[in-house]
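**Student:** Sequence unavailable; structure follows:
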């Protein structure tokens, strides 16, 4: 069964450093998303991406964040200068259709720890 | 007012019984509703989605939607210990691509 994959599973970085989180969405999906979940809190939307551009972003997704689909399979989230409060699980998701029929399938996540 | 509300639990249900999980949402224009299961330390796993008022059944799971009351629920029949997890309700607000999640209900099935 096709699934979303993410690398690395765990990333430890120093405050102020840049990190890139990588995702390979399900192959025939067209819509891609990033969410995050701070420990003990709810899953929060960051950004959605379709047709090689951002279709929606949240207030969390400020100028420190960027997304890219560098090739036909990868989807990346870059955090330019990490802060302590960026420590969270970051989930990539993909769907074959757009809203409202956008059943989103999540990857296993990357645990980001900022020291 | 919170966008998606769920009782955080924990909800304890004996094995073999029916577990009932509830969710309310604030955006009356929301069109699609999802239930995810999340085991501790793992990612959300999609188990049900519903778009129309009424019931939708898939195996042991039934999703119920009442748009007039802005209420969606998930029933789990013949609960198994492996059903013990946090259940997340997610709503697609009108005009958005994002899913808005509730805080989740922690369900424990007691053998």
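**Tutor:** In hand now; what should we look at? Note that the coordinates shown come from a computational prediction; the quantities given were computed from them, not determined experimentally.
**Student:** Spatially, and excluding backbone neighbours, which residue is closest to residue A:28.
**Tutor:** residue A:96 (6.4 Å; CB to CB, 6 or more residues apart in numbering or on different chains). Quick note: C-beta positions are derived from backbone N, CA and C, even for glycine.
**Student:** Looking at the one you found now. What's its pLDDT?
**Tutor:** pLDDT for residue A:96: 92.
**Student:** So residue B:43 sits against residue A:107, correct?
**Tutor:** Yes - look at residue B:43 against residue A:107 with CB atoms under 8 Å: they come within range, at 6.3 Å.
**Student:** Identify the contacts common to those two.
**Tutor:** Shared contacts of residue B:43 and residue A:107 (CB atoms under 8 Å, 6 or more residues apart in numbering or on different chains): residue A:91.
**Student:** if you count what's nearby, which of those two comes out ahead?
**Tutor:** Set residue B:43 next to residue A:107 and count neighbours by other CB atoms under 10 Å in any protein chain shown: residue A:107 wins out with 24 against 21.
**Student:** Neighbours of the closest residue in space to the more buried one that isn't next to it in sequence, how many?
**Tutor:** Nearest non-adjacent residue to residue A:107, counting by CB to CB, 6+ apart: residue A:4, 3.6 Å away. A total of 23 residues lie near residue A:4 under the criterion other CB under 10 Å.
**Student:** now swap in residue B:25 and tell me
**Tutor:** The number of residues near residue B:25, taken as other CB under 10 Å, comes to 23.
**Student:** That one touches residue B:67, doesn't it?
**Tutor:** No - the criterion here is CB under 8 Å, and residue B:25 misses it with residue B:67 at 9.5 Å.
**Student:** near chain A, which residues of chain B?
**Tutor:** Contact residues, chain B versus chain A (CB under 8 Å from any CB of the partner chain): B:31-32, B:34, B:36, B:42-46, B:49, B:51, B:88, B:90, B:92, B:95-104.
**Student:** Now do the contacts for the nearest residue to residue A:44 once chain neighbours are set aside.
**Tutor:** Nearest non-adjacent residue to residue A:44, counting by CB to CB, 6+ apart: residue A:36, 5.6 Å away. Contacts for residue A:36 (CB under 8 Å, 6+ apart) come out as A:43, A:44, A:46, A:60, A:88, A:89, A:90, A:91.
**Student:** Check residue B:21 too.
**Tutor:** Residue B:21 touches B:6, B:11, B:35, B:73, B:74, B:75, B:76, B:87, B:89, B:105, B:107, counting by CB under 8 Å, 6+ apart.
**Student:** Let me know the closest of these to chain A.
**Tutor:** residue B:6 (9.3 Å; CB to the nearest CB).
**Student:** returning to what we had before: just send the contacts of residue A:36 back as a markdown table, with neighbour count, distance to residue B:62 and pLDDT too.
**Tutor:** Listed next are these as a markdown table, based on neighbours: other CB atoms under 10 Å in any protein chain shown; distance: CB to CB, whole Å; pLDDT from 0 to 100:
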| residue | neighbour count | distance to residue B:62 | pLDDT |
| --- | --- | --- | --- |
| A:43 | 24 | 23 | 98 |
| A:44 | 18 | 28 | 98 |
| A:46 | 21 | 32 | 98 |
| A:60 | 17 | 34 | 96 |
| A:88 | 20 | 33 | 98 |
| A:89 | 19 | 29 | 98 |
| A:90 | 22 | 32 | 98 |
| A:91 | 25 | 26 | 98 |
